[in-house]
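Student: just the structure for this:
(one chain, ligands or ions: 1)
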Amino acid sequence: MKLYDYSRSPNARRVRIFLAEKAIEVPVETVDLAHGESHTPSFLSKNPLGQVPLLEFDDGTYLAESVAICRYFEEAQPSPPLFGTTARGRAEVEMWARRIELSLFAPVLVVWKHTDPSWAGRLPQVAALADMERARVTQSLAILDAALAQREFLAGDRFSIADILALCTIEFACEAANIWPDPKLEHLAGWHEAVARRPSARA
Ligand SMILES: N[C@@H](CCC(=O)N[C@@H](CS)C(=O)NCC(=O)O)C(=O)O
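Tutor: Numbering: from 1, shown residues only. Prediction:
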C-alpha cells in the first residue's frame, strides 16, 4: 500500500491526520503539485483527476478522494472511531462533514483562486466573487462557533473526521486565502487551540 501525498495540500493533510489519530503507518510518495507532477500521463493513469491524496493498494488498484480514503481506514481499523459510533452520532458527523465541504472549504477555494497571484495566469480573477465567497466563509465560521458553544467537538463529545476537515480548512484559509477567523468567535478559537494541540495536527 502507498499514499500519494503533497505536504501543502489541505486534502492530503486530512488523510495524514486521520492516519495519525489511528496510529496507522502507510508508506508515502510525494507528488510535487507545484511542478505539475499530478498531471503527468503516469499519474493520470492512476487518478484521472490528477489529484492527491491517492491510495494505492497492493493489487495495483487505487482509491481517491480524501474522505473515501479515511472511510476505508475506518472500516479496516475501527478504533478509535472517527466517523461516529451510534446511528445519530454517525449522522451528525456526516452532517458536519458536508457542511464543512460545501459551506466552508468550497468558498475558501474560490477566495484562494480569485485572490492568490499563483492563479492569476490560470483564470480570470474576479474580486467581487472573492468578496462574496469571503462573506460565506465568515458566515460559516460563525455557525461553527455557535455549534462549538454547545459541545466540545463539532459532532458531539468525541473528536471526529468533521473536526479534521474543519481544522485543515481553517488553517488552509489562513495560510492560502488570508482569511483569519474573527478572534471574537471564542468557542471556535478554543476548539482550534485544542485540536491544533493534538499530536496528529502536526501531520
Ligand atoms: N475532493 C478531493 C480533492 C483533491 C484535491 O483537490 N487535491 C488537490 C490538492 S489539495 C490537488 O491534488 N490538486 C492538483 C490539481 O488539481 O491539479 C479530495 O477530497 O481528495
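
Student: which bits of this structure sit near the ligand?
Tutor: S9, P10, N11, L33, S38, G50, Q51, V52, P53, E65, S66 (CB under 6 Å from any ligand atom). From N, CA and C alone the C-beta is placed, and that goes for glycine too.

Student: same list (those) but as a markdown table, adding pLDDT.
Tutor: Listed next are the residues of the chain next to the ligand as a markdown table, based on pLDDT from 0 to 100:
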| residue | pLDDT |
| --- | --- |
| S9 | 97 |
| P10 | 98 |
| N11 | 98 |
| L33 | 97 |
| S38 | 98 |
| G50 | 98 |
| Q51 | 98 |
| V52 | 98 |
| P53 | 98 |
| E65 | 98 |
| S66 | 98 |
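
Student: quick one: the strands in the protein, in order.
Tutor: Counting by DSSP state E, the chain has strands at residues 2-5, 28-30, 54-56, 62-64.

Student: in the helix ranked longest in the chain, which residues are buried?
Tutor: Longest helix in the chain, counting residues (DSSP state H): helix 127-148. For helix 127-148, the buried set under the neighbour-count rule, 16 or more other CB atoms under 10 Å, comprises L129, A130, E133, R134, R136, V137, S140, L141, L144, D145, A147, L148.

Student: count of neighbours near A23?
Tutor: 10 (other CB atoms under 10 Å).

Student: with S118 instead?
Tutor: Quick note: S118 (other CB under 10 Å) scores 10 neighbours.

Student: so how far is A176 from it?
Tutor: According to CB to CB, to the nearest Å, S118 and A176 sit 9 Å apart.

Student: and what of D157?
Tutor: Going from D157 to A176 by CB to CB gives 31 Å.

Student: give me the more crowded residue out of these two.
Tutor: Comparing D157 with A176 by other CB under 10 Å, the one with more neighbours is A176, at 18 against 8.

Student: now do the spatially most central residue of the chain, the pLDDT please.
Tutor: For the chain, L165 is the residue whose C-alpha lies nearest the centre (CA atoms, centre = their mean; 4.0 Å). On the pLDDT scale, L165 is placed at 98.

Student: do a quick rundown of the helices in this structure.
Tutor: Remark: helices assigned in the chain by DSSP H are 10-22, 41-44, 66-76, 87-99, 106-115, 127-148, 161-177, 186-197.

Student: now for the first one, which elements pack on it?
Tutor: Based on contacts counted as 3 or more CB pairs under 8 Å, 6 or more residues apart in numbering; DSSP states H and E, the elements that helix 10-22 packs against are strand 2-5, helix 66-76, helix 161-177.

Student: which parts of the last one are buried?
Tutor: Judged by neighbour count (16+ other CB under 10 Å), helix 161-177 contains these buried residues: 161-170, 172-173, 176-177.

Student: Throw these into a markdown table and include distance to L44, thanks.
Tutor: Listed next are the buried residues of helix 161-177 as a markdown table, based on distance: CB to CB, whole Å:
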| residue | distance to L44 |
| --- | --- |
| I161 | 28 |
| A162 | 31 |
| D163 | 33 |
| I164 | 28 |
| L165 | 26 |
| A166 | 31 |
| L167 | 30 |
| C168 | 25 |
| T169 | 26 |
| I170 | 31 |
| F172 | 24 |
| A173 | 29 |
| A176 | 24 |
| A177 | 27 |
